[in-house]
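[1] fold the following for me, if possible:
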Amino acid sequence: MHARLSADGGLWLAHPVTTKDDALIAAYNEQPDAVVIDLDPQWLLSVLTLVDGISDVTRESAIILVAARTQPVTVDLVRRLAKSDLSFVRRRHTDSGERVVAALESALSGTPWLDPEVQESVSSFRG
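    Below you'll find the model as predicted:
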């Protein structure tokens, strides 16, 4: 994914981080327009805490969550997507980053992007 996003001349990418603390420090120091979180299965349970932390230190950043298609989407995550302006992308094995670029473009223009696989679930929580 990093390689695909690097190919887009309109994007500047900070270095990837591997811990939640590093992610929060980088977000605070860089104040990015967007933060892409490629969910590692070990972070899945604490991702909402990470999202809250990044939201607290950046305030204006669009946040895009990316998860492998095989990762389960928890009810808590769906509820959070329904009540926030987070974008969510399901990464497919054949993906070359187009979905993430689409999510970035949409989020940066003020409209969260939701993967079609979760749109129905999120809509049901929105009522």
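
[2] make it CA atoms for all contacts and neighbour counts henceforth
    Will do.

[3] Arg91: how many residues sit nearby?
    Neighbour count for Arg91, taken as other C-alpha atoms under 10 Å: 21.

[4] the one 5 residues further on too?
    By other C-alpha under 10 Å, 15 other residues sit near Ser96.

[5] same question, the one 10 residues further on
    The burial count assigned to Ser106 is 16, neighbours taken as other C-alpha under 10 Å.

[6] now do Asp22
    Using other C-alpha under 10 Å, Asp22 is surrounded by 12 other residues.

[7] what about it, helix or strand, and which?
    Assigned by DSSP states H and E, Asp22 falls within helix 20-30.

[8] residues in contact with that helix: which ones?
    17, 35, 50, 53-54, 57-58 (C-alpha atoms under 8 Å, 6 or more residues apart in numbering).

[9] can you rerun that using 7 Å?
    Helix 20-30 is contacted by residues 17, 50, 53-54, 57-58 when judged by C-alpha atoms under 7 Å, 6 or more residues apart in numbering.
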